[in-house]
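Colleague: Curious how this folds, go ahead:
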Amino acid sequence: MKSLKKKRRVQVLLLAAVALGTAFLAFYLAIGDGVQYFRSPVQVVEQPPKPGETFRIGGLVETGTLQRGTSTTITFNVTDGGASIPVSFTGVLPDLFGEGKGMVGTGTMEDGTFVAREILAKHDESYMPKEVIDALKEQGVYEPPSS
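Modeller: Residues are numbered from 1 along each chain as shown. Next up, the predicted model:
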């Protein structure tokens, strides 16, 4: 009788381990590109991303680089004070987007240009994503917003 209970207990534990492993594998495969790493322009220059890798880049829109063409494609450079990366975006920019303002873009690097699928701009006078603030502080160019 005891060996039957022990056998059932081992079977239940093995089944639970297999179910847990399957759930973890399904989660890992489903997450795929859902995890997007943030990088500053300096980090992109120092450690270029793999081809086709989706990531977020953030910093300040470099003054004098914003170019709006006749189409919906906009080009500009994003900088953190230590490096500058050219960005290309096709679509409608947020209302608060502008030169010298903070931004975060999601996309991939193609031929040395960050091709953004999405651009986020700060939503008020004092907000900037924590990652952008940290990158700017690291470069020594962060200036807190004046109240």
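
Colleague: give me the low-pLDDT residue ranges for the protein?
Modeller: Applying pLDDT under 70 to the chain flags the ranges 1-2, 32-36, 122-129, 145-147.

Colleague: swap the cut-off to 80 and go again
Modeller: Residue ranges of the chain with pLDDT under 80: 1-2, 28-37, 69-70, 121-133, 135-136, 138-147.

Colleague: longest helix of the chain?
Modeller: Scanning the chain for the longest helix, with DSSP state H as the assignment, gives helix 2-31.

Colleague: Any buried residues in stretch 78-91, and which?
Modeller: By 16 or more other CB atoms under 10 Å, the buried positions in stretch 78-91 come out as 78-85, 87-89. For glycine as for every other residue, the C-beta is placed from the backbone atoms N, C-alpha and C.

Colleague: cool, stretch 18-34 as well?
Modeller: Under 16+ other CB under 10 Å, stretch 18-34 has no buried positions.

Colleague: And it, how far out from the chain middle?
Modeller: 22 Å (CA atoms, centre = their mean, to the nearest Å).
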